[in-house]
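[1] Quick one, fold the following:
(3 chains)
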Amino acid sequence: MPELPEVQTVVSDLVDLVKGRKLDFIEILDTKVWFESELEPGHFADKEVLDVTRRGKYIVYHFVDGYLLQHLRMTGVMLPADSDKIPHNLFGEKSPQLRLSLNFDDLRLIFYDVRRFGTFTAILDLDKFFDAKKLAPELYDDFEHAFGWYLHKVVKVGRPIKSVLLDQSIICGPGNIYADESLHAVKIHPLTPASTLGGEQNRILITEVKRIMDDAIAKRGTSASDYLDVNGNPGVFKQYLQVYKRKGELCLSCKLGKIEVIKIGGRTSHFCPHCQILPPN
DNA sequence: TATGGCCTGTAC
DNA sequence: GTACAGGCCATA
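    Numbers count the residues shown, from 1 in each chain, chains lettered A, B, ... in the order given. Here you go, the predicted model:
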């Protein structure tokens, strides 16, 4: 699933591919894809893509007078229309899984999204949008600022730490994979009430969240199911995962526990019952 | 703050 | 056949 490292990989590809180029037009193929927008698709016709950046798990296309935000959600990928990763028969049948296209003079990028949860949002004011979403600060802009924000919020939260790591208003970037991997790396049980973690424990945890995401970015992300970069290639971080999708396998750290799976807030959570002990309350 | 809904392919 | 995958939003 696209989490921060996967989105960052796509953004890096898009910078190489479309930054500085004039967008001819946007074609909406599935009307549901255009979501919460202040502007119409036509607003961006014949305008230059000044930059492509990332904020949280959003892709941000910058134009002279507006922004196009893309969210991949679970299964969204951006691919050239002639990519063999898009099932060929979908074009003839006008599949709603082909959701939108960005058309440049010699390039047509397709937003291919099997489960159709992904969105495009066209807005005028970036800060206003992300303020309204209550999105936490970026670990990648100013770590201390983002950590301070996290700490200020986490001390008031009695929910399990696993749920907190998925809450983009407290810390932005991790999803289910990197949350589980980070908690395992620092030997914290995912059910630990967030407010019971000490300041130093929290610093170690959030430092690890960023370290693992850095690592995953260097490996171009994790392809656990659908994720592909803009060239149609999978990320290779999957082979480095310690707990995610390793249910029943021996813990690679202690080599004693077998990875277990429990549900926390409706999400599967993987952990080693030997390394990650729930503190008594 | 916990839950269901959005979706559809895959695994059982 | 049914359960499940999970990022985010709406709802209670």
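[2] okay, now the closest residue to A:Lys94 other than its chain neighbours: neighbour count?
    Closest residue to A:Lys94 apart from its sequence neighbours, by CB to CB, 6 or more residues apart in numbering: A:Leu29 at 7.5 Å. In this view, the C-beta of every residue, glycine as well, is placed from N, C-alpha and C. When neighbours are counted by other CB atoms under 10 Å, A:Leu29 registers 16.
[3] For A:Leu29, give its distance to A:Ile59.
    Distance of A:Leu29 to A:Ile59, given as CB to CB, to the nearest Å: 18 Å.
[4] can you check A:Arg116 too?
    As judged by CB to CB, A:Arg116 and A:Ile59 stand 17 Å apart.
[5] These two: who's more crowded?
    A:Ile59 (22 against 17).
[6] Report the secondary structure state of the more buried one.
    Following DSSP: H, G, I helix; E, B strand; the rest coil, the label given to A:Ile59 is strand.
[7] surely it meets A:His71?
    Yes - counting by CB atoms under 8 Å, A:Ile59 touches A:His71, with 7.5 Å between them.
[8] who in the stretch 101-250 of chain A is up against DNA strand C?
    A:Arg115, A:Phe117, A:Lys133, A:Leu166, A:Gln168, A:Gly175, A:Asn176, A:Ile177 (CB under 7 Å from any atom of the strand).
[9] PyMOL command for the buried members of those residues?
    Selection of the buried residues among those in PyMOL, burial being defined by 16 or more other CB atoms under 10 Å:
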select buried, chain A and resi 166+168+175+176+177
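[10] mind putting the residues of the stretch 101-250 of chain A next to DNA strand C in JSON lines, pLDDT and secondary structure included?
    Shown next, in JSON lines, are those (pLDDT from 0 to 100; DSSP: H, G, I helix; E, B strand; the rest coil):
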{"residue": "A:Arg115", "pLDDT": "93", "secondary structure": "coil"}
{"residue": "A:Phe117", "pLDDT": "93", "secondary structure": "coil"}
{"residue": "A:Lys133", "pLDDT": "92", "secondary structure": "coil"}
{"residue": "A:Leu166", "pLDDT": "95", "secondary structure": "coil"}
{"residue": "A:Gln168", "pLDDT": "95", "secondary structure": "coil"}
{"residue": "A:Gly175", "pLDDT": "94", "secondary structure": "coil"}
{"residue": "A:Asn176", "pLDDT": "94", "secondary structure": "helix"}
{"residue": "A:Ile177", "pLDDT": "94", "secondary structure": "helix"}
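[11] is it possible to export the residues of the stretch 101-250 of chain A next to DNA strand C to JSON lines including distance to A:Lys156?
    Listed next are those as JSON lines, based on distance: CB to CB, whole Å:
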{"residue": "A:Arg115", "distance to A:Lys156": "34"}
{"residue": "A:Phe117", "distance to A:Lys156": "30"}
{"residue": "A:Lys133", "distance to A:Lys156": "20"}
{"residue": "A:Leu166", "distance to A:Lys156": "17"}
{"residue": "A:Gln168", "distance to A:Lys156": "17"}
{"residue": "A:Gly175", "distance to A:Lys156": "23"}
{"residue": "A:Asn176", "distance to A:Lys156": "23"}
{"residue": "A:Ile177", "distance to A:Lys156": "26"}
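[12] Out of the residues of the stretch 101-250 of chain A next to DNA strand C, flag the one nearest to DNA strand C.
    Using CB to the nearest atom of the strand, A:Gly175 comes nearest to DNA strand C of these, at 2.7 Å.
[13] Could you pull up the contacting residues of the nearest residue to that closest one once chain neighbours are set aside?
    Spatial nearest neighbour of A:Gly175, excluding adjacent residues (CB to CB, 6+ apart): A:Glu3 at 3.6 Å. By CB atoms under 8 Å, 6 or more residues apart in numbering, the contact list for A:Glu3 reads A:Lys57, A:Gly173, A:Pro174, A:Gly175, A:Asn176, A:Ile177, A:Tyr178, A:Met213, A:Thr222.
[14] I am finished for the moment; much appreciated.
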